[in-house]
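Asker: What would the 3D arrangement of this be:
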Amino acid sequence: MDANEIMRMVGQFLVKQRFWLLLGLACIFAFCISSGTNVLKNKIENQKKQLDNSYSAVSQYQNGDKANSKWKEAVEEKKGGIKSKYDVAAEQLYLEQEKLMTWPTPQLQQQFGGRPFGAKLDDNQNEFLFAYTKAHESQRQRAEVFWDLYVLDKNDDGSVIGLVDANLSLIEDSHFPRDPNSLEAWLTQERVWIQRAIVKAIRQINKPTEDQYAKSKEPEKGWLYAPVKKVVAIRIGEAAIDQQANVAQKALVEYAAADASAPAASSESTMNINAKRYLEKTEQYRIVPVSVHMVVDQEKVTPILGILSNADFHFVVREVRQSHTEQRLELPVKLKDKGIVTGGRSATNPLYNWVNLDVYGIMRFYEMPASLKEKREQKLKDGGAPADAAKTAAEAGKTAEPAKADPSKSETKSEAPKAADPAKADPPKAIDPAKTETPKTDSGKTDAGKSPAPKGDAKGGGKAETPTPPKAEPKQN
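Answerer: Coordinates of the predicted model:
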């Protein structure tokens, strides 16, 4: 068998078995491709994992958790500057508010002034709390706030002064069947501050009319043209909640005592403390609902709301209700006795345009900042009184530089005492007791900027419910 024969037989075999031969080659080719694909796939997966790991390692530096030392130093420096500015602003706000946080007597102001709200006041075995009870029982604060309203009243000669028709019950007060604890004293004073702020705003509303008619020959007619004619009530706490808070169903909260061992304010109804009065209480501030109910001139509603919005303790007006009076307005008895008449229901009648005005809002009280508290505690450790610590902090809180003195004026003032020569000075004249007269007081003339001493109840007749503050003592704001 030659080579040609062998080649012919091989060719016949390949042609005859071509299907199976091609099938085997296809399987081998598929197996090779599959193996190569898996290797490539594994390689791609490994590279993807490497990229993901690299991204994760970089991304942790984007959110600040893995900051470098320089970045941390810059951030800490920035935070320190921001905190310093915040502390200065918070201290300035509190120091301005603290000027309004007064106590009944100079002694109590010296002892309690400068302390944070809610602090313990039981120094020297409650000595000063006992003094506070005595000062409260004198009703001095209540009388001062009431007459600061410039209430309609009569002088001894029968002349009528004042602009606002109000009753002494307008100024609510606590009742102490026993000596109050520290928090009860704070809450009582806070109510005084709130009422004084509202009264001060109302006095400012009526000030133009007051100034105009104080110099008039008929001062009694000032009531007819005053923007606020009558103040019915000043409420705080639950009775002063506006509709917005009612819808939100926010429950009022009490003020927690500064010391956990200190007693909380009493819930006794006989004390009339109204301890649960806060709409919100945080470490920085507390919010008290406040409402004032008046009879006013309808044309003056807008300026009235504007002045109330600028009242002390950041009074924010949240709701206003206006309605016409249910009954015909009558002149107060004091004016009728003076023969004052109105022109009936016409445009010439000043009473024709009076409406009921109910204003609901909130007052914000700032808590003493921690930075200021630390300064005062350090001052107390150094032997200073609380009021001295407050004075030091107030001086430190002033950022404005004092005005430079004019040298010429300074020299003039400094030389004034030296100008008098004792040798050339006239001898003091002797006082002749026979010619000395007691200063006379004209009860018919009253300073426009001061309220008269109470002669009777604001609604006419009878004696005032509280004594008039003694004139010999300085007035406590």
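
Asker: Show me which residues of stretch 137-156 are buried.
Answerer: 139-155 (16 or more other C-beta atoms under 10 Å). For the C-beta atoms, the positions are set from N, CA and C on the backbone; glycine is no exception.

Asker: CA atoms only: put it into PDB for me.
Answerer: This file holds the C-alpha atoms of stretch 137-156, laid out as PDB (Å, rounded to 0.1, in the frame of the first residue of the first chain):
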ATOM      1  CA  GLU A 137     -47.700  91.700 102.500                       C
ATOM      2  CA  SER A 138     -47.300  95.500 102.400                       C
ATOM      3  CA  GLN A 139     -48.800  95.300  98.900                       C
ATOM      4  CA  ARG A 140     -46.300  98.000  97.800                       C
ATOM      5  CA  GLN A 141     -45.300  96.400  94.500                       C
ATOM      6  CA  ARG A 142     -48.900  95.800  93.600                       C
ATOM      7  CA  ALA A 143     -49.900  99.400  94.300                       C
ATOM      8  CA  GLU A 144     -47.000 100.700  92.300                       C
ATOM      9  CA  VAL A 145     -47.700  98.700  89.200                       C
ATOM     10  CA  PHE A 146     -51.400  99.600  89.400                       C
ATOM     11  CA  TRP A 147     -50.900 103.300  89.700                       C
ATOM     12  CA  ASP A 148     -48.200 103.300  87.000                       C
ATOM     13  CA  LEU A 149     -51.100 102.600  84.600                       C
ATOM     14  CA  TYR A 150     -52.200 106.200  85.200                       C
ATOM     15  CA  VAL A 151     -55.600 105.100  86.500                       C
ATOM     16  CA  LEU A 152     -58.600 107.400  86.500                       C
ATOM     17  CA  ASP A 153     -59.000 108.900  89.900                       C
ATOM     18  CA  LYS A 154     -60.000 111.900  91.900                       C
ATOM     19  CA  ASN A 155     -57.900 114.400  93.800                       C
ATOM     20  CA  ASP A 156     -58.800 115.800  97.200                       C
END
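
Asker: now the helices for the stretch 51-200 of the chain?
Answerer: 69-98, 106-112, 123-137, 140-147, 182-214 (DSSP state H, counting those that start in this stretch).

Asker: Quick one: those helices as TSV, columns for distance to residue 373 and mean pLDDT too.
Answerer: As requested, the helices of the stretch 51-200 of the chain are exported to TSV (distance: least, C-beta to C-beta, whole Å; pLDDT from 0 to 100):
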stretch	distance to residue 373	mean pLDDT
helix 69-98	10	86
helix 106-112	15	92
helix 123-137	18	88
helix 140-147	27	92
helix 182-214	16	93
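
Asker: Residue 339: which of these is closest?
Answerer: helix 182-214 (16.5 Å; C-beta to C-beta).

Asker: Report the inter-axis angle for the closest one versus helix 140-147.
Answerer: Put simply, helix 182-214 runs at 30 degrees to helix 140-147, going by axes from the mean of the first three to the mean of the last three C-alpha atoms, to 10 degrees.

Asker: quick one: residue 175 and residue 184 touch, right?
Answerer: No. In this structure residue 175 lies outside contact range of residue 184 using C-beta atoms under 8 Å: 10.9 Å.

Asker: isn't residue 319 right up against residue 242?
Answerer: Yes. Counting by C-beta under 8 Å, residue 242 is a contact partner of residue 319 at 4.0 Å.

Asker: Give the residues shared as contacts by the two.
Answerer: 360, 361 (C-beta atoms under 8 Å, 6 or more residues apart in numbering).

Asker: Of those two, which one has the most company?
Answerer: residue 242 (21 against 15; other C-beta atoms under 10 Å).

Asker: Would you confirm that the more buried one contacts residue 360?
Answerer: Yes. When contacts are counted by C-beta under 8 Å, residue 242 is listed as touching residue 360 (3.7 Å).

Asker: between those two, what contacts are shared?
Answerer: 289, 291, 318, 319.

Asker: and the one helix or strand residue 364 maps to, what does it pack onto?
Answerer: Here residue 364 sits within strand 354-366, counting by DSSP states H and E. Packing contacts for strand 354-366, counted by 3 or more C-beta pairs under 8 Å, 6 or more residues apart in numbering; DSSP states H and E, involve helix 69-98, helix 182-214, strand 285-297, helix 301-309, strand 316-324.

Asker: can you list the domain ranges for the protein.
Answerer: As given by automatic domain parsing, the domain ranges for the chain are 7-56, 91-397.

Asker: Out of the ones you listed, which gets nearest to residue 70?
Answerer: Short answer: domain 7-56, nearest of the domains of the chain by C-beta to C-beta, at 23.0 Å.
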